[in-house]
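Trainee: Can you look at this prediction? I've put the sequence above it.
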Amino acid sequence: MNPQIDNLLHETRKFPPSEDFSSNAVATAALYDEAKADRLEFWAKQARELLTWETPFTRTLDWSNPPFAKWFDDGTLNVAYNCLDRHVEAGNGDRVAFHWEGEPGDSRTLTYAELTAEVKRAANVLAGLGIGQGDRVAIYLPMIPEAVISMLAVARLGAVHSVIFGGFSADSIRSRVDDARAKLVITADGGWRKGKVSALKPAVDAALEARGELGPQETVTNVLVVKRGENEVEWTDRDLWWHEEMAKAEPEHEAQAFEAENPLFILYTSGTTGKPKGILHTSGGYLTQCAFTHKVVFDLKPESDVYWCTADVGWITGHSYVVYGPLANGATQVLYEGTPDTPHPGRWWELIEKYKVTTFYTAPTAIRSFMKLGRKIPKQFDLSSIRLLGSVGEPINPEAWMWYRKVIGAKAAPIVDTWWQTETGAMMISALPGVTETKPGSAQVPIPGIAIDVVDDDGTHVGTGNGGLLVVTEPWPSMLRGIWGDPERYRETYWDKFGDKYFAGDGARLDHDNDIWLLGRVDDVMNVSGHRLSTAEIESALVAHPFTAEAAVVGATDETTGQAVVAFVIIKESMLEESAAVEDIAAVLRAHVGEQIGPIARPRDVFVVNELPKTRSGKIMRRLLRDVAEGRDVGDTTTLADTTVMQIITGQVTAK
Ligand code: PRX
């Protein structure tokens, strides 16, 4: 085990909730008892209380065909209505839904009434373009209100969105649009990033151009383009300006109800193979668990709280905790377009001061990078409105946790470390503020109604003080319903290992209080700045370059980003001469990965080597490469086909 992680397990500091917080807390200890007494009834109650159903459900869970779950499946509802209209009908139309802030400093406030009106118009635009129930719509937008409006307009029609993070390349867009056979793409001319406009439409154009060769898969009939960057864009016959179509559209739109299991979205995430998986989520169960967890984990007081989740809507955190959970609960939020350090490194803290943010949810990688810059920067701003802090995406080391608590939370705000995944749809493990005594570095306890265990390779519970694999032992409302177009891969990836338990792919350990400590992935998935990346996907991008014969990628521990991508490549014999003429091969290959997948996947280091360590059966031993990348002595090499290889590689890497 990584020695740093081992240290974490000896953490003894504990922070009980304050009297003051507990006496007003939304969550109570009784939730655990209720869920324990009747788990399914507990979820049925949440679904009834938190959502508005057109047809009430009578069946809570159908698990007759595992691992394919159905929740609340004879009920019908409209997801967008639940996030919008019903708040207006309840007299909360004037409540702010979003305080949006653009990177250059422009801003826009949208009340629930205004957001509802925008979504209704957008739904009419989409319907006019032929979008209806079940159709897929790809969304490739910056963090502007139109991103949320688009998602909700798609949901309102019972169609399925596939949001593609704005940092992905044309190639990644193409594969996602193809896989989902999207009919429509919604994009923008560009968005603001790091002080300048970064174009988005050219990537969509390039992705759709490549589609020409694919013949029958040419499914995209239109591209709707939001004007944001004001950059020049090329125009084709299928392109339409968002603002022109919105101006023409009818303002009224009545939401139809769809079945609880109607697909809501596909979100692609990295797995252990080179091909991203389209994780499928549906409506009623997903919305129930998003709304429930958002309410109890963030102690939501919708009348007075200002909640800010810094995630981009291109990731699951943005789906569940910027769009669906908070809006279903009628929360007021901050939405910010740009990067945390533009135009100055205190931008986030400035926004917290400006909008009096009470509840702040971000990733450990961001906390660690602020820590590096020092407390002087946040100290220049008034952060006294903050009353609750959240963390997500990767394990938070106790040092970062303590800094977060002291510097951002004034030693008073509880911290909730929330463990979950794209696949789980919503939070699965977290403290409940006001109830749980918090512990730096541990995500702690399952959410009420969620059944988690830590087991050994045979599926046996490991017991307190031991490590093993994290599993979910009972179906949960917001669980993925499958992998788009590939039910077999769904079964294989998550269920084949244990048969009756969901295998999350994370290592975990139970401490002596039975609290859960997450120890990182046990498969070939990396976590860089809270973003999931696959070693196989980056390797296949590297070997797609004409110079590369072979490539091996590992995630090496990195102080700021959690893990960093480190690549080892062998150059083709036939290309040795040509590559020798290139001044910086590493830079060329890094840029190539950026073009193939997106800038987030660019390796931190690329080492050109003559050999890769392989077992006798030809499997690359990544463990040894990780040792080299992290500057450790190389571990046991006896299973290598050629035991001298590691000495050569270490020599080549340290010579750099
Ligand atoms: O390894 C776990 C890590 O992030 C993975 C899921 O990544 P993704 O699907 O992109 O979703 C991220 C946001 C929910 C998990 O398998 N992870 C997520 N949250 C935590 C975490 N690891 C430790 N502690 C967390 N709180």
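Mentor: Here it is on my side, so go on.

Trainee: Moving C-terminal from the longest helix seen in the chain, which element do we reach first?
Mentor: In the chain, assigned by DSSP state H, the helix with the most residues is helix 112-128. Later in the chain than helix 112-128, the nearest helix or strand by DSSP states H and E is strand 136-140.

Trainee: angle of that next one against helix 112-128?
Mentor: Counting by axes from the mean of the first three to the mean of the last three Cα atoms, to 10 degrees, strand 136-140 points 120 degrees away from the direction of helix 112-128.

Trainee: What is strand 136-140 packed up against?
Mentor: Contacts defined by 3 or more Cβ pairs under 8 Å, 6 or more residues apart in numbering; DSSP states H and E place strand 136-140 against helix 145-156, strand 160-163, helix 170-180, strand 184-188. C-beta: built from backbone N, CA, C; applies to glycine.

Trainee: Next, the angle helix 145-156 makes with it.
Mentor: For strand 136-140 against helix 145-156, the angle by the same axes, to 10 degrees is 170 degrees.

Trainee: Tell me which strands strand 136-140 pairs with, and in which orientation.
Mentor: Each strand paired with strand 136-140, and its direction, by DSSP bridges: strand 160-163 (parallel), strand 184-188 (parallel).

Trainee: in stretch 538-553, what's buried?
Mentor: By 16 or more other Cβ atoms under 10 Å, the buried positions in stretch 538-553 come out as 538-543, 545, 547-548, 550-553.

Trainee: Next: stretch 485-501.
Mentor: In stretch 485-501, counting by 16+ other Cβ under 10 Å, buried: 486, 489-490, 493-494, 497-498, 501.

Trainee: can you tell me which of these lies nearest to Thr272?
Mentor: The closest of these to Thr272 turns out to be Thr493 (Cβ to Cβ; 7.8 Å).

Trainee: Smallest gap between the stretch 451-600 of the chain and the ligand, at which residue?
Mentor: Leu518 (3.5 Å; Cβ to the nearest ligand atom).

Trainee: Contacts only, for that residue.
Mentor: By Cβ atoms under 8 Å, 6 or more residues apart in numbering, the contact list for Leu518 reads 395, 419, 429, 443, 470, 506-508.

Trainee: Gly635 against Arg622, yeah?
Mentor: No. Look at Gly635 against Arg622 with Cβ atoms under 8 Å: they stay out of range, at 11.6 Å.

Trainee: what's the burial count for the closest residue to Gly271 other than its chain neighbours?
Mentor: In space, Gly271 comes closest to Lys277 once its chain neighbours are excluded; the distance is 4.8 Å by Cβ to Cβ, 6 or more residues apart in numbering. Each residue near Lys277 was counted by other Cβ atoms under 10 Å, and the total is 25.

Trainee: so Lys277 touches Thr493, yeah?
Mentor: Yes. Between Lys277 and Thr493 there is a contact under Cβ under 8 Å: 7.4 Å.

Trainee: what sits in contact with each of these two?
Mentor: By Cβ under 8 Å, 6+ apart, Lys277 and Thr493 have these common neighbours: 271, 483.

Trainee: Can you say which helix or strand has Leu110 in it?
Mentor: Counting by DSSP H and E, Leu110 is found in strand 107-111.

Trainee: List the buried residues in that strand.
Mentor: Buried-residue list, strand 107-111, by 16+ other Cβ under 10 Å: 110-111.

Trainee: orientation of the longest helix of the chain relative to strand 107-111 in degrees?
Mentor: Taking the same axes, to 10 degrees, one finds helix 112-128 and strand 107-111 inclined to each other by 90 degrees.

Trainee: begin at 48 from here
Mentor: Will do, 48 is the new start, and the previous item becomes helix 159-175.

Trainee: Give me the distance between helix 159-175 and the centre of its chain.
Mentor: In terms of Cα atoms, centre = their mean, to the nearest Å, the centre of helix 159-175 is set 26 Å apart from its chain centre.

Trainee: Put the alpha carbons of that helix into CSV.
Mentor: C-alpha atoms of helix 159-175 as CSV (Å, rounded to 0.1, in the frame of the first residue of the first chain):
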residue,chain,number,x,y,z
TYR,A,159,-37.0,29.8,-11.2
ALA,A,160,-39.7,31.6,-13.3
GLU,A,161,-37.1,32.8,-15.8
LEU,A,162,-35.3,29.5,-16.0
THR,A,163,-38.7,27.7,-16.5
ALA,A,164,-39.6,30.1,-19.3
GLU,A,165,-36.2,29.5,-21.1
VAL,A,166,-36.5,25.8,-20.8
LYS,A,167,-40.1,25.9,-22.2
ARG,A,168,-38.9,27.9,-25.3
ALA,A,169,-35.9,25.6,-25.7
ALA,A,170,-38.1,22.5,-25.6
ASN,A,171,-40.3,24.0,-28.3
VAL,A,172,-37.1,24.7,-30.4
LEU,A,173,-36.0,21.1,-30.0
ALA,A,174,-39.4,19.7,-30.7
GLY,A,175,-39.5,21.8,-33.8
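
Trainee: how about the residues of this protein that lie near the ligand?
Mentor: Contacts of the chain with the ligand, taken as Cβ under 6 Å from any ligand atom, map to 316, 363-364, 439-442, 464-469, 490, 551-553, 565, 568, 574, 579.

Trainee: From those residues, which land in helices?
Mentor: 363-364.

Trainee: Read off the pLDDT value for the residue nearest to Ala76 when sequence neighbours are not counted.
Mentor: Nearest residue to Ala76 in three dimensions, chain neighbours excluded: Val482, at 5.3 Å (Cβ to Cβ, 6+ apart). You'll see Val482 listed with a pLDDT of 98.

Trainee: now do Glu256
Mentor: pLDDT, read off for Glu256, is 88.

Trainee: and it, how far is that from Arg649?
Mentor: 24 Å (Cβ to Cβ, to the nearest Å).

Trainee: Between those two, tell me which one has more neighbours.
Mentor: Taking other Cβ under 10 Å, Glu256 and Arg649 do not tie; Arg649 has more neighbours (22 against 12).

Trainee: Surely that one is in contact with Gly641?
Mentor: Yes. Taking Cβ under 8 Å as the definition, Arg649 is a contact partner of Gly641 at 4.6 Å.

Trainee: Look at stretch 218-234 and report the distance between its end residues.
Mentor: Using Cα to Cα, to the nearest Å, the end-to-end distance of stretch 218-234 comes out at 15 Å.

Trainee: Quick check: buried residues in it?
Mentor: Judged by neighbour count (16+ other Cβ under 10 Å), stretch 218-234 contains these buried residues: 218-227, 229-234.

Trainee: Among these, find me the one that's closest to Arg415.
Mentor: Closest approach to Arg415 among those (Cβ to Cβ): Ser219, at 26.8 Å.

Trainee: What residues does that closest one make contact with?
Mentor: Ser219 neighbours (Cβ under 8 Å, 6+ apart): 211, 323, 643-645.

Trainee: Most neighbours of all the residues you listed, which one?
Mentor: In terms of neighbours by other Cβ under 10 Å, those top out with Ile211 at 27 neighbours.

Trainee: What sits closest to Trp448 if chain neighbours are left out?
Mentor: Distances taken as Cβ to Cβ, 6+ apart place Pro487 nearest to Trp448, at 3.8 Å, with adjacent residues excluded.

Trainee: For the residue nearest to Glu281 when sequence neighbours are not counted, pull up the helix or strand it's in.
Mentor: Distances taken as Cβ to Cβ, 6+ apart put Asp252 closest to Glu281, at 6.2 Å, once the chain neighbours are dropped. Under the criterion of DSSP H and E, Asp252 resides in helix 248-257.
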